[in-house]
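1. the sequence isn't on hand, but the structure is:
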Ligand SMILES: O=C[C@H](O)COP(=O)(O)O
């Protein structure tokens, strides 16, 4: 285990695990009951039709349209890229999504298929989803994705090290991956479903931000629970407070298990109420999802025409 962090120009570099532990354990504890109540209350909100229409388009623009299956192929990624650029073939007013998210070996396919569009290519890296590989392998994974044209890297943290309290190792890995990213943005996946407590989610959020994360992301989508409103609330509080302290605005990306328009709108309400309007932008908030887009498109069509499109109208997620 590394006791002293080395690498890159981030605030936590050179800070010992002992000092990180002191700092992270001094954070105020999360009021779990209060968080549960606050997020449960979101289910009772009603949203006006005009606001709903705007929220649906914003949610579409915030999607990282994701395919992360062992059976992924260049053909599937090319088809997904087509959908990302123009989600509704019958309605050019439907906006494109923010990014397509793929494994590193499919980055070049996605880059070619998205050429000339504003849709970014994101790639998971660092031995996603478990992150069980030597640091060199994780850095090579990142280097390869960036070299092939990914402008966003989604890395996983070492949850084993984090849960063992070896915060120095976690911070050093994030800083080293950030250094490999160059101009690519780094999203740091906390895998909150493995972190056991909301206090840990808060600590991991600060550790990631102090180590250079451009975004903090909830989940890989491979562990249950994936994204939830309570963990996202804690992460939104963290980015809000971190910005007040440092002036740096870090984004948030809930990912995994977000499938319905109702879910997406609850996340947007949470963003506005907890972090504020500055985060209501694809530059600072994303929804990582493989199958949310079709529901948003269905609801969008219903609001515009009064009827749902036939089930076969949109290509399969
Ligand atoms: O980052 C996104 C997730 O891997 C997608 O998860 P999902 O298939 O549950 O939407």
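-> Thanks, I have it. Just so it is clear, the structure is predicted and the values come from calculations on it, not from any experiment.
2. backbone phi and psi for residue 215, please?
-> Per-residue torsions, residue 215: phi -140, psi 150 (degrees, to the nearest 10).
3. wait, what's in contact with it?
-> By CB atoms under 8 Å, 6 or more residues apart in numbering, residue 215 lies in contact with 185, 186, 187, 188, 250, 251, 252, 253, 286. Glycine gets a C-beta too; all of them are placed from N, C-alpha and C.
4. now do the fifth one: how many residues are near it, please.
-> A count of neighbours around residue 250, defined by other CB atoms under 10 Å, yields 24.
5. who are the contact partners of it?
-> Counting by CB under 8 Å, 6+ apart, residue 250 makes contact with 209, 213, 214, 215, 216, 239, 242, 243.
6. which one of these sits closest to the ligand?
-> residue 215 (11.7 Å; CB to the nearest ligand atom).
7. any idea what that closest one is bridged to?
-> Note on residue 215: beta-bridge partners by DSSP bridges are residue 187, residue 251.
8. about what we covered before: ok, so of the contacts of residue 215, who is nearest the ligand?
-> Among the contacts of residue 215, residue 253 lies closest to the ligand (CB to the nearest ligand atom), at 7.6 Å.
9. I figured the closest one hits residue 214, correct?
-> No: with contact defined as CB atoms under 8 Å, residue 253 does not reach residue 214; the gap is 10.2 Å.
10. shared neighbours of the two, which are they?
-> Contact criterion CB under 8 Å, 6+ apart; residues shared by residue 253 and residue 214: residue 187.
11. the more surrounded of these two?
-> Just comparing residue 253 and residue 214: by other CB under 10 Å the higher neighbour count belongs to residue 253, 27 against 21.
12. ramachandran angles for that one?
-> Main-chain dihedrals, residue 253, degrees, to the nearest 10: phi -140, psi 100.
13. quick one, what contacts it?
-> Shown in contact with residue 253 (CB under 8 Å, 6+ apart): 64, 187, 215, 216, 217, 218, 285, 286, 287, 288.
14. between those, which has the most around it?
-> Taking other CB under 10 Å as the neighbour criterion, residue 288 ranks highest of these with 31 neighbours.
15. tell me the secondary structure at that one.
-> Recorded secondary structure, residue 288: strand (DSSP: H, G, I helix; E, B strand; the rest coil).
16. try residue 150
-> Per three-state DSSP, the secondary structure class of residue 150 is coil.
17. quick one: secondary structure of the closest residue to it other than its chain neighbours?
-> Of all residues not flanking residue 150 in the chain, residue 123 sits nearest, at 4.0 Å (CB to CB, 6 or more residues apart in numbering). Three-state assignment for residue 123 (three-state DSSP): strand.
18. neighbours of the residue of the chain found nearest the ligand, how many?
-> Across the chain, the shortest distance to the ligand (CB to the nearest ligand atom) belongs to residue 221, at 2.4 Å. Per other CB under 10 Å, the neighbour tally for residue 221 reads 24.
19. report the central residue of this structure.
-> Geometric centre of the chain, nearest residue: residue 253, 2.8 Å, by CA atoms, centre = their mean.
20. ok, that one to residue 139 distance?
-> Going from residue 253 to residue 139 by CB to CB, to the nearest Å gives 22 Å.
21. residue 225 too?
-> 30 Å.
22. which of these two has more neighbours?
-> residue 139 (18 against 14).
23. so the more buried one is in contact with residue 176, correct?
-> Yes: at 6.2 Å, residue 139 counts as touching residue 176 under the criterion of CB under 8 Å.
24. three-state assignment of residue 64?
-> Applying three-state DSSP to residue 64 yields a three-state assignment of strand.
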